[in-house]
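Trainee: got a structure for you, letters missing:
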């Protein structure tokens, strides 16, 4: 019964995805396409949940449905709203896309079945990850253990990717001029409702940050949630106020600080001649060291993600609008 | 704390953290100083690593203290060490060169971020070259790519934005393809470590998933390496980016992609599978040949010298691919040698062009008339680089071409050897055009001796002289290359 | 009963999706997206309980917040954007 | 215990029904404002009922608190969004559908349209916001 239900859910969700994709190809109103992308990430996050990839679903929800929509709208504000219909059909792309799709299908043909207990991914390293997480790291969320400890070097790289994305956007767009912008009109209902909501969002962000060892979440998601709280503030009360709360100029530095926290945590273990990012060296008790290391590292990730996302938002929304005719 | 044992990770982490420090201090001068110091540290580290590799063959460093398949290992053998030398060497010269060039070409508010991005590109490329983990390659590829897109867009020409956008789209497709390939391999084997993959892949090699993974990886890396039909981003990206960036990219970026190609083909899939079972060696040779001829011919028709050299880069990549396609020991040696030597000559040429752009704010052929007299030192270095590109004996370019032709003759492919000769003539034509304009046409009225900053000239001449040095004494480059080839092919020396 | 609720929610999602495709005005689409988000939250709560997803409530909470922020952003965007570009 | 189980079932069933009705309304009703009405009213109650149903089924634990929080969020967020959307749509020039198919009205469609439009004019005029 339950297994059937899961199958039905999967099929429905995948069908939704396909429908959304075709619809967004057909619709020329870019604004509507942005809306559909929002739905797309809601559905794909549901799929991730159904595949038991909770942390991925969390990220998809925070970034895909929330921040990306805001960002796309900010970008859309700067260009035209409707697709240029004249130059729509470039036939060169079609065979390439079809070829890529065919190659993907061809490759998938020999995959092990979904949920197959004999698949190599369940045999080769996964048992070791599960065993060692219990023994040496002792936190319930294995995903966090893999991300922050086993493959902490990758996560360090990803943090730097985010940092460099922030630097790239800053280089291209700058910080924007807030004083020329049209501020939102006063809306009493929104003002009343949003204030407690922001408090709630920030508290929830803190919860996700420090609960990442036990449940879904971690620094990345927490950073996005925190930034969303400030974006909400700036949406409702106007960007002038938001920039007074968190000045735009300190954001790049906060982002750099996040990267540095991560890196220096890794370098600490070098002092006792252990490899980079070996958290065992952080404390006399190896398990305690792992806990401390993961905590610090997640804090670095959270800080970097928070400041970079807010930075990107500021630089997009601070641009002057040019109305194309 | 023993610094030496941690060099493999420090060579990546130091530039990464220095990039963060640049932003934190937010001061132009200190940003440059940090960049310079980090580059020198990387150079020092890479020289030490080469020495260690020559003694112990392979350096393995487990990050986080987790052993290889579980954690991420850094794995440095002779091939990586060679790449590290190329990267950090050019990074040092570019950093010296950057001070004045950036002051002139980059808007003030972006200069700190420029150095940050430069450090990130460097760290990303180095990160690709030291890691022994397939997914880690992707992560560092992303770091370097994102920063590269931003750097290219800073060129003062408006077309730089378009070039950057073009590269962004193509590069992202390439990165996605690489990720798909890695994902497919992970599904079939359950591991991401290259060493572990190479042992577990033969069992499942005869599945459509692995064949598809191979195709995706190759095309993805091919885009990054500007392999012939996928090279469209390269000419614009090199032509319109700031001089510092085009110098560094021309010397390193595509080579790192080719390194990844070699690593995937040889260490991961194995020669048997990738080059012989898949008919990939033939494809590589054909693409390489077309690239050599097409790139050279296109170069002749360019009026912008920077663009001309960019097309020449497509041709040079053709040489390297052709050499890899031979799938033989001399072929690989020639390929690695050419990676090394091409970095030297393209570094020289682009740096010289950067100096010309510094004075005339343009690299069109028309501004260069009589420049041999007004900027004698710069043009002399350009001449050396050009001769090296043509392959005149006594320069670095000669060595790699010599090895390539020998390898081709070994495989009794004399028509291809003929192609190399024809390409050399074509190179002579397009370099000759510049030389002719620079030395045999009179300078326009009123233009006299041009002053250029000493620091830039010093960096340029170190590059230029290294062309001659490695052309006369090829022991170092050849030694490491052949050691690398031996390790790749599993031959114990 | 939970299965019935899940099926009801799936049908709801499909209907909402159709409204998002049809439009016709942009506000209909915004409404559809917001409504879709709300239903996703409900789906996570109900489905998560029935199928035993790990820490599903956190994610549902997150979704509710994200949905709120997203829709507000859209409305703010329309305040700034000239409404005369509307094409029905 | 059994009663709680029953209650939970009833809540789930009713919630599912309400949500479904809302979606049918969203799809079938003729203009934006009626759709908004259908979606928002049924959705808020349906959502709360569904969540209460799940809450009763899980029993008392940490998740219960979070679910209560979720109910609070939805109870505040949904009406706010509805209000904002309605306002934005009125501001953006969306007008309610005019054709009433009711046989009770004898006037021609164009007439009824005019009447309706005038009504809106005065109503919005009172609140000090003339539609553009």
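Mentor: Now that the structure is in, tell me what you want to look at. Every value quoted in this text rests on a predicted model; they were computed, and no experiment measured them.

Trainee: which residues does the residue nearest to residue C:22 when sequence neighbours are not counted contact?
Mentor: In space, and not counting its chain neighbours, residue C:22 is closest to residue C:28: 7.4 Å by C-beta to C-beta, 6 or more residues apart in numbering or on different chains. Just so you know, the C-beta spots here come from the backbone N, C-alpha and C atoms, and that holds for glycine as well. Residue C:28 is in contact with C:19, C:20, C:22, D:32, D:35, counting by C-beta atoms under 8 Å, 6 or more residues apart in numbering or on different chains.

Trainee: residue ranges with poor pLDDT in the chain?
Mentor: Picking chain A for this. A:1-3, A:85-89, A:177-184, A:321-325 (pLDDT under 70).

Trainee: wrong chain, I was asking about chain D
Mentor: In chain D (pLDDT under 70), the answer is D:1, D:98-132.

Trainee: show me where it has its helices.
Mentor: Using DSSP state H, the helices of chain D run over D:2-28, D:32-58, D:62-91, D:109-126.

Trainee: show me what the third one is packed against.
Mentor: Helix D:62-91 makes packing contacts with helix A:188-211, helix C:26-51, helix C:56-80, helix D:32-58 when contacts are defined by 3 or more C-beta pairs under 8 Å, 6 or more residues apart in numbering or on different chains; DSSP states H and E.

Trainee: switch the cut-off to 10 Å
Mentor: Contact here means 3 or more C-beta pairs under 10 Å, 6 or more residues apart in numbering or on different chains; DSSP states H and E; on that basis helix D:62-91 packs against helix A:188-211, helix C:26-51, helix C:56-80, helix D:32-58, helix D:109-126.

Trainee: what does the second one give?
Mentor: Packing partners of helix D:32-58 (3+ C-beta pairs under 10 Å, 6+ apart): helix C:2-22, helix C:26-51, helix C:56-80, helix D:2-28, helix D:62-91.

Trainee: again, 7 Å this time
Mentor: helix C:26-51, helix D:2-28, helix D:62-91 (3 or more C-beta pairs under 7 Å, 6 or more residues apart in numbering or on different chains; DSSP states H and E).

Trainee: in it, what's buried?
Mentor: Neighbour-count burial for helix D:32-58, counted by 16 or more other C-beta atoms under 10 Å in any protein chain shown, picks out D:32-33, D:35-57.

Trainee: so which residue is smack in the middle of chain D?
Mentor: Nearest to the mean C-alpha position of chain D, counting by C-alpha atoms, centre = their mean, stands residue D:40 at 2.0 Å.

Trainee: the spatially closest residue to it that is not a sequence neighbour - how many residues pack around it?
Mentor: In this structure, residue D:40 finds its nearest non-sequential neighbour in residue D:82, 4.0 Å apart by C-beta to C-beta, 6+ apart. Residue neighbour count, defined by other C-beta atoms under 10 Å in any protein chain shown, stands at 20 for residue D:82.

Trainee: again with the one 3 residues further on
Mentor: Using other C-beta under 10 Å, the number of residues around residue D:85 comes to 24.

Trainee: which residues of the stretch 101-250 of chain A lie near chain C?
Mentor: A:182, A:184-185, A:197, A:201, A:204, A:215-217, A:225, A:228, A:231-232, A:235-236 (C-beta under 7 Å from any C-beta of the partner chain).
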